[in-house]
Each structure stands twice: as C-alpha cells, then as structure tokens.
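Colleague: need a structure here:
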Amino acid sequence: MSSSTDSKNLSVSQVTELCQNALTHVHARPEAVNAVTEAMLWCELHGISSHGLNMLPTYLERAREGGINVQARPQIVHQHGCLIRMDGGGTFGQYIASAAVEAALAAAKSHGAGLVSVFNANHAGALACFTQLIAQAGMVGFMAHNANPAVAPYGGREAALGTNPLSFAFPGTDFPVLVDLATSATAKGKLYELARGGDQIPAGLALNINGEPTTSVAEAIKGILLPLGGPKGYALAVAVEMLTGVLGGDVLGPDIPSFHKSPNRPQGISMLVMAIDIDGLIPLDEFKTRVEEFQRKLTSNLPASGFSKVQIPGEREAQLAMTRQQEGIAVKQSILDDIAIQNNH
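Modeller: Purely as a prediction, here's the structure:
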C-alpha cells in the first residue's frame, strides 16, 4: 500500500492520457472527455490540485452511478439578445462550463456582452479555468455556481449554503489577472485533498457535526464549513445563490445532493457565465496598458514582513504553470491508486 506522502512525477502528456483513458472508460462523449481533461490539466499546472486529478475518482464514480449523464450535451433553450438560458443536460460540469463560455463569447461579439444562465449542471471544478478563456479572448470574464450545502450561514450552525465559488478574469500583458475564490473559509475539495495526508487545518475554518470549532480535517469533512470572513463571505454566498440557483430556476443550494455522498443523483447545480467585450468600452490595447500601469503601482509597494514582493492575482499560478509544463506535475500515488480502482469497475 502506498504512503499518503508518496507521489509520482507525470508529464503533461501523461496527465492528459490518464484523464482521457479514464473518462473514455465511463463512455463519456468525446467533447466531454476533452473539456474535463483540459480543466483537470489546467488545475494541475496552475497548482490547484484540489480540483485536478484529486477530483477525478469522484467524477468517474458519479458517471458510473448515474449522477453524471455521460452522453448528454449542453443545449441553449432560450436567447433574448445577449441573454442566454442553457440546459446543462446533467453532464460533466466542465463540459457545461466550456459550452457556456463559448455561448457567452459569441453573444458578446454580437451584442457587446453575453450572459449565460445555466441549469441542470454538475460540479465544474476551478472556475478560473473557464474565466481565463474569456480573458484570453480579450474580454472581461465572470463565473459563479452554487453547490451542495456545506457551509453554515453567519450566526448559524447547520449547513445551508454551498461553497458557492466565483471568479473574475481580466486580460493582461504577460498573464490574465485571475480572481477565483470560494465564499467559504476554505474549499471543500481542499479538505479532501488534505485528508489524504491526514493534515490538520487552521482554526476558524470549520465546525464539527455538533457545531463546535475543529481543526481536524476528518471532523471538518463530516461537519460544516464557515463562511469566508464571517458576514462578508456569507453575503457573497447569498449573492452567488441569487445569481445561480434562484435566477437559474433549478435546485436551490440547500437542496442540492452531495457531490461526494450521493454519486447516483444529479446535482442540479446552476451557473452564471458572463463576458464583456472591452473594445465596446475602451480599446483593448488601452485597457491592457492601464492594467500594466495598475500592476506597477501595486507591485512597487514595499513588501511586508515575510513577503519577498507583492504579487498580482494569477501571477503565481501563471509562473507555476510554466515551470510544470517543463518539469512535470507531482501527483500523489493515492490519487493514482483511486483512479485505477475506478477504472477497474
């Protein structure tokens, strides 16, 4: 049996082949195979391993058990100008998110902005993977989706909100400026990643099943997460739910089936994807020049104790991706073992 600390260094092509083979094994559509593989690879390259291969065993289980409709395709069911309503078909969240980005970009090119409201979706992983596609197209990107209840509302002790992530992306000169965060004090996927190593978590992130503060990963997974920054994160989580579950017309966050514990049940997640054509407001080149000027003003700030420099959101991840493209990606052996187990079903 492998140790929780054992890892194997994989090349980009090896990660790609691993994902493609596993997803093909559960009879996913080729478009879904490509979308999920690209998202997994992006997460691994950019240091967001909690949403990379770490999640693949659960996706495979959900595909086998019926929680993910492997043969479905996302479909536009209504469009009014720049506003689009999309049925995700209950397929892989990454496939749905990619389709929503394409639709938002197409609408933005025609109307100056595109807004896609998606229902009947599933967990999509790291949202910056999709908003950065919008930034690469020279537009401002935004995405949010709701999730199964894992977070207590501010002042409460029972799970009623999802981690309800949101992401912004802006074109830059050397790399896109990326903002990607859960509205909970930590992402649930991060806890599952930490659990592979038996790590403790800082205080203030979670409660146990009795509603008491805990620093145990195992207790946090069974228990309830806290909102990011108390009432501020709570308010953001509510806003995400309003923009997704309420506006999308699908299952509300408190009623979404568990991603990990209900593999046979579609989640009914809702998403909101938005693209804004910068050229419709100011020339894109001028925008990038202003971004560069803003970044210089931030990075010229004297670093605080314990920091070597001020970084721009997305900078560290962009640098890491370049390194991992060349040197490979360290993947825990326990994750590879779990993928192999799913492939043997």
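
Colleague: who are the packing partners of the top helix by length along the chain?
Modeller: Identified as the longest helix of the chain according to DSSP state H is helix 93-111. Helix 93-111 sits against helix 30-45, strand 83-87, strand 113-121, helix 128-136, strand 139-145, strand 269-277, with contacts defined as 3 or more CB pairs under 8 Å, 6 or more residues apart in numbering; DSSP states H and E. For glycine as for every other residue, the C-beta is placed from the backbone atoms N, C-alpha and C.

Colleague: can you list the strands that the next helix or strand after the fifth one pairs with?
Modeller: Proceeding C-terminally, strand 139-145 gives way to strand 166-170 as the next helix or strand, assigned by DSSP states H and E. Each strand that strand 166-170 pairs with, and the sense of that pairing, follows from DSSP bridges: strand 139-145 (antiparallel), strand 177-181 (antiparallel).

Colleague: the longest helix of the chain versus strand 113-121: what angle between them?
Modeller: Here the directions of helix 93-111 and strand 113-121 differ by 150 degrees (axes from the mean of the first three to the mean of the last three CA atoms, to 10 degrees).

Colleague: ok and helix 93-111 relative to helix 128-136, angle-wise?
Modeller: Using the same axes, to 10 degrees: helix 93-111 against helix 128-136 is 20 degrees.

Colleague: which one of the helices and strands packed on helix 93-111 lies closest to residue 327?
Modeller: Residue 327 lies closest to helix 30-45 among the helices and strands packed on helix 93-111, at 10.8 Å (CB to CB).

Colleague: how about residues contacting the closest one?
Modeller: 12, 15-16, 19-20, 23-24, 28, 49-53, 55-56, 59, 70, 73, 91-92, 94-95, 97-98, 124-126, 129-130, 320-321, 324-325, 329, 331 (CB atoms under 8 Å, 6 or more residues apart in numbering).

Colleague: are any of these buried, and which?
Modeller: Buried subset of the contacts of helix 30-45 (neighbour count, 16 or more other CB atoms under 10 Å): 15-16, 19-20, 23, 28, 49-53, 55-56, 59, 70, 91-92, 94-95, 97-98, 124-126, 129-130, 321, 324, 329, 331.

Colleague: so which of the residues you listed belong to strands?
Modeller: Secondary structure from DSSP state E places 329, 331 of the buried ones among the contacts of helix 30-45 in strands.
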